[in-house]
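Q: sequence first, predicted coordinates after that:
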Protein chains: 2
Amino acid sequence: MLRRLLRARGGRLTPQRLAIYDAVVGQTSHPSVEMVHGAVRARFPGISPATVYTTLGLFADWGLIQEVGGRVRRYDGRAGRHVNLVCERCSEVTDVADPRLEALERRTATRAGFDVRSARFELHGICPRCRGGRRRIGGRA
Amino acid sequence: MLRRLLRARGGRLTPQRLAIYDAVVGQTSHPSVEMVHGAVRARFPGISPATVYTTLGLFADWGLIQEVGGRVRRYDGRAGRHVNLVCERCSEVTDVADPRLEALERRTATRAGFDVRSARFELHGICPRCRGGRRRIGGRA
DNA sequence: AGCTTACTGGTAATGGATATTAATAAGGAT
DNA sequence: ATCCTTATTAATATCCATTACCAGTAAGCT
């Protein structure tokens, strides 16, 4: 899967890229670059943040992952279109899939004659956990 | 309108805020902070970028404008929900309204118990003008 | 007019992201 | 298996958008 994509672009499959891939694609954790770096570091203690930055950028270009824009850039390992709910308090990100989203995207792009490369559907606000008055789990405000 | 909002929050109506308001709200130009600063500077030569930053942040919090996330933050002077088409080549931003968007937003938020403060619906790609092979007008790649 | 305090302007500091470059290793060819 | 080409890595320096800070100013209330 990853190998095929890399081939198509003349890219190379390195252990570092595989590790970064595993740390993001298919995960629901919506990690930041820093978090991915931390996770991959377990297996590659010497890996550079710059490598993680460029690799995640590549994956995003290829549509493997999506960027989620909060204060700090985060990545979404899910492939299909969906809405990202970004909590402004605990900065947690949650996915909500909606089949109508793709139709909306197609319709919008067609109407404007726009060639879509990537999409971002985000709702920013307060998640149910933070609304409930309970303390936030981790992260920063 | 602006005065009422400011009152409700105990804020003050200054000439600078009015100028920033005029430079963004209702405009279709999607200016960056730098562009707003430049525009307001015509009337207030000494205005500080910091002031523009904080003021635009306030307006966004109050729902007067929306933030559009590219490499550099831009602001959208339109109030209602719509999709922003962000061109990766000329960095131009275009609006496409769709009445179904608000229903989608409501549905998504309700389902997740999420308290929405602001929304970002963006499609990134190549605009028709850049696709046509013509040179880009302004901005940077 | 006087008072309170939010706002402004100027600047320094922050820190996420990028550029750069030499060393390294993946992938294909022999 | 070995060699070669060149994409990738690591490390560092750097950029620059954004934020923090603070002292002076002026908006709005009485």
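A: Structure's in. What do you need? Numbering: from 1, shown residues only, chains lettered A, B, ... in the order given.
Q: how far off centre is the lowest-mean-pLDDT helix or strand in chain A?
A: Confidence across the helices and strands of chain A bottoms out at helix A:2-9, with a mean of 84, counting by mean pLDDT, DSSP states H and E. Remark: helix A:2-9 is offset 20 Å from the chain centroid, using C-alpha atoms, centre = their mean, to the nearest Å.
Q: tell me the residues of chain A that contact chain B?
A: By C-beta under 8 Å from any C-beta of the partner chain, the residues of chain A that approach chain B are A:69, A:83, A:85, A:88, A:94, A:96, A:98, A:100-101, A:104-105, A:107-109, A:111-128, A:131. Just so you know, the C-beta spots here come from the backbone N, C-alpha and C atoms, and that holds for glycine as well.
Q: for ChimeraX, write a command that selects the buried ones of those residues.
A: Those of those that count as buried under 16 or more other C-beta atoms under 10 Å in any protein chain shown are selected in ChimeraX with:
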select /A:69,83,85,88,94,96,98,101,104,105,108,109,112,114,115,116,118,119,120,121,122,123,124,125,126,127
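Q: counting only strands, which of the residues of chain A next to chain B make the cut?
A: A:69, A:83, A:85, A:94, A:96, A:115-126 (DSSP state E).
Q: in chain A, what spans have low per-residue confidence?
A: Under the criterion pLDDT under 70, the flagged ranges of chain A are A:133-141.
Q: which bits of it sit near DNA strand D?
A: A:6, A:10-12, A:14, A:16-17, A:44, A:46-51, A:54-55, A:71 (C-beta under 7 Å from any atom of the strand).
Q: can you select the buried ones from these in ChimeraX?
A: With 16+ other C-beta under 10 Å as the burial test, the buried ones among these are selected in ChimeraX as follows:
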select /A:6,16,17,47,51,55
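Q: wondering if the host helix or strand of A:Val40 reaches DNA strand C at all.
A: Using DSSP states H and E, A:Val40 maps to helix A:33-41. Yes: with C-beta under 7 Å from any atom of the strand as the measure, helix A:33-41 is seen reaching DNA strand C through A:33-34.
Q: contacts for the following helix or strand past that helix next, please.
A: For helix A:33-41, the succeeding helix or strand toward the C-terminus, using DSSP H and E, is helix A:49-61. Outside helix A:49-61, the residues within contact range by C-beta atoms under 8 Å, 6 or more residues apart in numbering or on different chains are A:11, A:16-17, A:20-21, A:24-25, A:33-34, A:36-37, A:40, A:65-67, A:75, A:117-118.
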